[in-house]
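> Sequence below, structure please.
(2 chains)
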Amino acid sequence: EAGVAQSPRYKIIEKRQSVAFWCNPISGHATLYWYQQILGQGPKLLIQFQNNGVVDDSQLPKDRFSAERLKGVDSTLKIQPAKLEDSAVYLCASSPGQVGNEKLFFGSGTQLSVL
Amino acid sequence: SQQGEEDPQALSIQEGENATMNCSYKTSINNLQWYRQNSGRGLVHLILIRSNEREKHSGRLRVTLDTSKKSSSLLITASRAADTASYFCATDASGSARQLTFGSGTQLTVLP
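The predicted structure is shown next:
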């Protein structure tokens, strides 16, 4: 079974630039998550989708971050404009079932450096 | 905010020894999960324990849950160098604000 695919693997940008990350979850997984992981910390949930509807985006900085899930499958996360404190690894995860929050499968992440 | 907090932050042991990591949390939960993260990789799910369970085993892993103390422990027996990784607990809080929240992790180093 193919895992969660993310791209790009690494991204370096200057502050105030924009950046986008892409995620393809495991086929058939209803729930998709974007987490931000700052070095030395645990992942922090940014947004959670159930099929193509948003379940939770309470910790998403909506003035600069946006995310969408196309046709309930792939997802993109965008930052515009980026700040220095956005430097982190952005992890996408998916889980089977409609309930969510059980046994998440993670991609390898996109490491973002904002200079 | 992070609901779960792991203890210790870092742990170094010899191959063959047992490793114990603890997790404390603040609110009522539906389940608690443990994940492993190797350097530069995504997280891998290890085990899930539900709020009505007290102990669960999976291979060399043993997880306990004490809901009265809002704490959990992960025991890895007969550790191997390949177990070197960061270990995170994650809590699925009960109630309307359901969100899988991760702790700050324990960095385990197993020396050969």
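> who's in contact with the helix or strand bottoming out on mean pLDDT in chain B?
Using mean pLDDT, DSSP states H and E, strand B:5-7 stands out as the lowest-scoring helix or strand of chain B, at a mean of 86. With contact meaning Cβ atoms under 8 Å, 6 or more residues apart in numbering or on different chains, strand B:5-7 is reached by B:21-25, B:87-89, B:103-106. For every residue, glycine as well, the C-beta is placed using N, CA and C.
> try 7 Å this time
B:21-24, B:88-89, B:103-106 (Cβ atoms under 7 Å, 6 or more residues apart in numbering or on different chains).
> With stretch A:12-32 instead?
Contact with stretch A:12-32 is made by A:1-7, A:11, A:48-51, A:69, A:74-84, A:90, A:92, A:94-98, A:100, A:105, A:107, A:110, A:112-115, as judged by Cβ under 7 Å, 6+ apart.
> Check the offset of that stretch from the chain's centre.
The gap between the average C-alpha position of stretch A:12-32 and the chain average comes to 5 Å, counting by Cα atoms, centre = their mean, to the nearest Å.
> Can you mark which positions in it are buried?
A:13, A:19, A:21, A:23-26, A:29-32 (16 or more other Cβ atoms under 10 Å in any protein chain shown).
> repeat for stretch A:35-52
Buried residues in stretch A:35-52 (16+ other Cβ under 10 Å): A:35-37, A:42-50.
> how long is it from one end to the other?
Stretch A:35-52 has an end-to-end distance of 17 Å (Cα to Cα, to the nearest Å).
> Distance-wise, check A:Gly72 relative to chain B.
20 Å (Cβ to the nearest Cβ, to the nearest Å).
> Let me see the backbone angles for that residue.
phi 70, psi 20 (degrees, to the nearest 10).
> what pLDDT, on average, does stretch B:28-41 get?
Regarding stretch B:28-41, the rounded mean pLDDT is 93.
> which ones are touching the residue nearest to the spatial centre of chain A?
By Cα atoms, centre = their mean, chain A has its centre lying nearest to A:Trp34, at 2.8 Å. By Cβ under 7 Å, 6+ apart, the contact set of A:Trp34 is A:46-47, A:67, A:77, A:90, A:92.
> Which ones among these map onto strands?
A:46-47, A:67, A:77, A:90, A:92 (DSSP state E).
> In contact with the closest residue to A:Pro8 other than its chain neighbours, which residues?
Counting by Cβ to Cβ, 6 or more residues apart in numbering or on different chains, A:Thr110 is the residue found nearest to A:Pro8 once chain neighbours are left out, at 5.9 Å. By Cβ under 7 Å, 6+ apart, the contact set of A:Thr110 is A:6, A:8-9, A:11, A:21, A:89-90.
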